[in-house]
Each structure stands twice: as C-alpha cells, then as structure tokens.
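Enquirer: could you work out the structure for the sequence below:
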Amino acid sequence: MSVPRPSALLVLAGLAACAGPAGTRVGVAVDAYPAGVQPVATAEWARGERDALRLRVGWNATDRGDFGEHDDEQGGGPGLGLEWRRFAARERRGWYWGARLDAWQLDVDWIDAPGQPGERRGDTRVLVLQPTAVGGYRWSLGDGAWQLDVGAGLGLEVNASTAGEGVGQGPIGLLGVALSRSF
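Expert: Numbering: from 1, shown residues only. I've put the predicted structure just below:
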C-alpha cells in the first residue's frame, strides 16, 4: 500500500473543505450571447446554506461578424471559470445573484474587405478575461436531486494577451440555462 504524497493530501483536504453542507452538484450549462455560445461542464460546492462556488470548464465558440476590429471575426477555444452565487433562500434554491470570472484562450480567424481586391486575412490568438455579474433563478425538479437554472449575466470581455492583430472586446450580455444533479 502506498502512502499519498502530502500535495495530494492537501488537494483532497481542500476539496473536502469546499464540499460544505449538502455536498456537490455536477452538470452542464450553455450561455449564449449575441456573437457566440459557451457550452460548459460545471461542478458546484455548497458554502453554507445560501452560498455556492461553481467551477466551469468548456468551449467558447464565437462568430462576431463585424462586431470586432475586422470585417469578419470567427473562432473559438477552451476556457474555465469560477463563479460565486448567493441565493435568497436557504438550500441554494430560488433567486440568486453573484459574480463570475472566466478565462478563454481563443483562436480568432479574421477577414478585412472580403471578396474585395484589398482582402486581408489573419489569425489572432487571444486570452480573454470575462468578469461578469450574474443573476437568475433555480428550480428543483422531482425529488430535488436535479435542478434547473435560468440566468443572465452582464460583464466585459477584456483581451488580456494578444498574439496577432487586435480583435473585438468590450461589453457582453449572456443568457443561460443549466441542468445539474446533486451527489
């Protein structure tokens, strides 16, 4: 029998501390915004009767059209985020509000003057930080193990690191739906 390394024990202790009362939830979510969609997997840890921390891991697919710095911008990439939620009611149901920070590593293909004699094409790799205020409502389904969330977010897309020509950034509004299950 091998003894776990101290670093593994610290990670396990940290996860146990995050679990808090009523355990853990895992699920899937999709956030849509005018220029794209973000499908993600989620894990949520209770932090008391009305607070929760959520980890988000997924993909950001964007089709900005001419919303960006170029005549057409399209791309996508992986990302992760951390969200804090505060529920109005106990047991983390009903109305909620909170804050989220996502980081997306996007590859954006862009075109200027498409189909014109001066057409230009390029590719930009960008690290996007997306701080967002969130709010919504959570319903319990059946016996309460399954829950459905409908929410909205308002925030910013900030290009923190850019390799290539600049691409779009700025305000973002999101609408989302999530389905999760407790364990």
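Enquirer: all helices of this structure, in order?
Expert: Using DSSP state H, the helices found in the chain span residues 6-19.
Enquirer: so how many other residues sit close to residue 25?
Expert: 21 (other CB atoms under 10 Å). (Each C-beta comes from the backbone N, C-alpha and C, glycine too.)
Enquirer: partners of residue 36 in the sheet?
Expert: residue 33, residue 62 (DSSP bridges).
Enquirer: next, count neighbours for it.
Expert: 21.
Enquirer: that one and residue 65 touch, don't they?
Expert: No: the criterion here is CB atoms under 8 Å, and residue 36 misses it with residue 65 at 10.5 Å.
Enquirer: now whichever strand in the chain runs longest: mean pLDDT?
Expert: In the chain, with assignment by DSSP state E, the single longest strand is strand 120-141. In this model, strand 120-141 has an average pLDDT of 97.
Enquirer: which parts of that strand are buried?
Expert: Neighbour-count burial for strand 120-141, counted by 16 or more other CB atoms under 10 Å, picks out 124, 126-130, 132, 134, 136, 138.
Enquirer: kindly report the same for stretch 174-183.
Expert: 174, 176, 178, 180, 182.
Enquirer: quick one: the strands in this protein, in order.
Expert: 24-33, 36-46, 51-65, 72-87, 94-112, 120-141, 146-163, 170-182.
Enquirer: what angle do strand 94-112 and the last one make with each other?
Expert: Spelled out, it's strand 170-182. Counting by axes from the mean of the first three to the mean of the last three CA atoms, to 10 degrees, strand 170-182 lies at 130 degrees to strand 94-112.
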